[in-house]
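*Asks:* Requesting a structural model of the entry that follows:
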Amino acid sequence: MMLAPGAPPLVLASSSATRATLLRAAGLPFEARAAAVDEASLKESAQAEQMPPAEAAVMLADAKAQRIARRLLAEQPEALVIGADSLVVCEGRWFDKPEGLAGARAQLQALRGRTHELISAVVCWRHGSRIWHHAAVCHLSMREFSDEFLDAYLAEEGDAITHSVGAYRLEGLGMHLFRKVEGEHAAILGLPMLPLLDFLRQHGAVLR
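*Replies:* Coordinates of the predicted model:
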């Protein structure tokens, strides 16, 4: 375990298996608590206000962390709550998790042959306040894959990709979709680990 002596308990405000895997791989023990947040409404409001995508991603991550942090304030006031969220933006269009495989197909067709931004935000709350946030912007360029490949990809991945913004999982068959990827791998998976670990070291939560 990489936690420093006397480190606060870590709580992940998410039910994401991928984000949990990233924290475990870094040797960080934590408790996961899902945060019930109306992401669709928050995104709709952000777009109506013409909020920059990176700011919107932080807002969404913050809403999740805040929900759990306030719930834990009485029982675990020392807990450090981590919230995260990701947005995919291509040529001004924001993409959500696709609705079914038909939605995934349409989304991948729209991204095919183009470069898009994947913005992953992470927020930390403690003692009822937000104490840190970070937004990582990654650039991913999809190749001009064939319809035959797309059919095979969707059949193989199935409903799993409907849980991913962008309709791909770079840790699996999704790597076949791309010709170029720029950015921290963990951030592309949904949690910018390098900035988060640096913050935790400065905060005395992780061994220096």
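
*Asks:* okay, the residue of the chain positioned farthest from its centre: pLDDT?
*Replies:* Going by Cα atoms, centre = their mean, the residue of the chain most distant from its centre is E148, 29.4 Å out. With respect to pLDDT, E148 scores 97.

*Asks:* Let me know the secondary structure of it.
*Replies:* Classification of E148 by DSSP: H, G, I helix; E, B strand; the rest coil places it in helix.

*Asks:* same thing with the one 5 residues further on?
*Replies:* Going by three-state DSSP, the secondary structure assigned to Y153 is helix.

*Asks:* Over to the one 3 residues further on?
*Replies:* With three-state DSSP as the basis, E156 sits in helix.

*Asks:* residues contacting it?
*Replies:* L173 (Cβ atoms under 8 Å, 6 or more residues apart in numbering). (Glycine included, C-beta is placed from N, CA and C.)

*Asks:* Any idea how far the helix or strand bottoming out on mean pLDDT in the chain is from the middle of the chain?
*Replies:* Least confident helix or strand, the chain: helix 39-48 with a mean of 90, by mean pLDDT, DSSP states H and E. Distance, stretch centre to chain centre, for helix 39-48: 17 Å (Cα atoms, centre = their mean, to the nearest Å).

*Asks:* Now that helix: buried residues?
*Replies:* The neighbour-count check on helix 39-48 (16 or more other Cβ atoms under 10 Å) flags 42-43, 46 as buried.
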